[in-house]
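Visitor: only the shape, not the letters, is given here:
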Ligand SMILES: NC(=O)CC(=O)C(=O)O
């Protein structure tokens, strides 16, 4: 998921400066030099036991917060096995309240209790007769700030390597989300990242579950490309690898900086990455290499067909 975050207002202590997308770019740029914070990427093992997955995620979030993370990111599909048979069984009706959605109830409780922002990876969401691959973002007050439904469903067929059709069960989301979030396969679409960047995003978060074919070939490449093209931070968070699962996740959760540099990463086992994000570096990069100014809008231009008018405050 790509959650795009922008810096918050000056009266908020820098330590709590989880970026929000609402402010104008000018205000964002003005204050971003004071904004440093720690991000925690929880690469979690996922089992068929949903209750255990929720407890386990809670423990990892707490550990990341204890280590100083003010923004914690979970993997794509962390409460359920990544399989079309499981998605309908593990799906939760997020809008129906905490009783109908124990996974998001936990995220709401923990974010409020620890006063951190959580990019809640994704879970299968049931809405009427449809299922979505949905990321919920909770603010420091424990309130749901945004819900992003994966826009680009992951359908792949490489004979002898991997076949997976998310579209068998999931319906694609229709809206980019301004706490700017995308999920996994969304990372493959540079236009989406460019739109987020043009709206002032400083950080894109992609909870993702790449596999043993797509992982080695382009997991890191895509993250570094999105970061370098748009001169911003990119954070990814994968499930840990389970060699016995039907779908074997690649792992390698990573934080990439605005020059496309890998700041922190891990292998495929369960892990919590804690790394620092410093928006002043981002501005420095943009000043030294002003891609936005150099862009030839007279020759080519990205059209944002669906203007992102709904904003979410963190
Ligand atoms: N779960 C996914 O969307 C995986 C993906 O995009 C890939 O390339 O692998």
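Guide: Perfect, I can see it now. Note that this is a predicted model, so its numbers are computed, not measured. Residues are numbered from 1 along each chain as shown.

Visitor: check the residue of the stretch 1-150 of the chain found nearest the ligand and give its pLDDT.
Guide: With Cβ to the nearest ligand atom as the measure, residue 76 is the residue of the stretch 1-150 of the chain nearest to the ligand, at 5.8 Å. Every residue, glycine included, has its C-beta placed from N, CA and C. Reported pLDDT at residue 76 in the predicted model: 97.

Visitor: for residue 267, same thing?
Guide: Per-residue confidence (pLDDT) for residue 267: 98.

Visitor: which residues are in contact with it?
Guide: Contact analysis of residue 267 by Cβ atoms under 8 Å, 6 or more residues apart in numbering lists 251-252.

Visitor: measure the residue of the stretch 1-150 of the chain closest to the ligand to residue 66 for me?
Guide: 24 Å (Cβ to Cβ, to the nearest Å).

Visitor: the more surrounded of those two?
Guide: More crowded of residue 76 and residue 66, by other Cβ atoms under 10 Å: residue 76, with 27 against 12.

Visitor: now that one: how far from residue 231?
Guide: For residue 76 relative to residue 231 (Cβ to Cβ), the value is 25 Å.

Visitor: quickly find the element holding the residue lying closest to residue 276 once chain neighbours are set aside.
Guide: Leaving aside its chain neighbours, residue 276 sits nearest to residue 38 (5.6 Å; criterion: Cβ to Cβ, 6 or more residues apart in numbering). Using DSSP states H and E, residue 38 sits within strand 36-43.

Visitor: relative to that strand, what are the paired strands and their orientations?
Guide: Strand 36-43 has the following strand partners under DSSP bridges: strand 69-73 (parallel), strand 271-278 (antiparallel).

Visitor: most tightly packed of the ones you listed?
Guide: Most buried of those by mean neighbour count (mean count of other Cβ atoms under 10 Å) is strand 69-73; its value is a mean of 27.

Visitor: contacts for that strand?
Guide: 3, 5, 15-16, 18, 37-42, 61, 64-65, 116-119, 121, 205, 207, 235, 237, 274, 277.

Visitor: which of the residues you listed are buried?
Guide: By neighbour count, with 16 or more other Cβ atoms under 10 Å, these hold 3, 5, 18, 37-42, 61, 64-65, 116-119, 121, 205, 207, 235, 237, 274, 277 as buried.

Visitor: in a strand, residue 260, correct?
Guide: No - checked against DSSP: H, G, I helix; E, B strand; the rest coil, residue 260 lies outside a strand; its state is coil.

Visitor: leaving out the residues flanking it, which one is nearest to it?
Guide: residue 228 is the one closest to residue 260 (Cβ to Cβ, 6+ apart), at 3.3 Å.

Visitor: in which helix or strand would I find that neighbour?
Guide: helix 220-230.

Visitor: buried stuff in that helix?
Guide: For helix 220-230, by 16+ other Cβ under 10 Å, it's 220, 222-228, 230.

Visitor: tell me if that helix is near the ligand.
Guide: No - against the ligand, helix 220-230 shows no contacts by Cβ under 6 Å from any ligand atom, the least distance being 8.2 Å.

Visitor: for the stretch 201-314 of the chain, which segments count as helices?
Guide: 214, 220-230, 279-288, 291-294 (DSSP state H, counting those that start in this stretch).

Visitor: which residues are in contact with residue 51?
Guide: residue 102.

Visitor: hmm, 7 Å instead?
Guide: If a contact means Cβ atoms under 7 Å, 6 or more residues apart in numbering, then residue 51 has no contacts.

Visitor: any chance of the strands paired with strand 36-43 in TSV, with distance to the ligand too?
Guide: As requested, the strands paired with strand 36-43 are exported to TSV (distance: least, Cβ to the nearest ligand atom, whole Å):
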stretch	distance to the ligand
strand 69-73	15
strand 271-278	19
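
Visitor: can you list those strands in TSV and add mean pLDDT?
Guide: Formatted as TSV, these follow (pLDDT from 0 to 100):
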stretch	mean pLDDT
strand 69-73	96
strand 271-278	97
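
Visitor: distance to residue 51 added to these, as JSON lines?
Guide: Formatted as JSON lines, the strands paired with strand 36-43 follow (distance: least, Cβ to Cβ, whole Å):
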{"stretch": "strand 69-73", "distance to residue 51": "20"}
{"stretch": "strand 271-278", "distance to residue 51": "21"}
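
Visitor: residue 172 is in contact with residue 148, correct?
Guide: No - the pair residue 148 and residue 172 does not pass the contact test of Cβ atoms under 7 Å, sitting 11.7 Å apart.

Visitor: these two - which one has more neighbours?
Guide: With neighbours defined as other Cβ under 10 Å, residue 148 and residue 172 compare such that residue 148 has more, 31 against 14.
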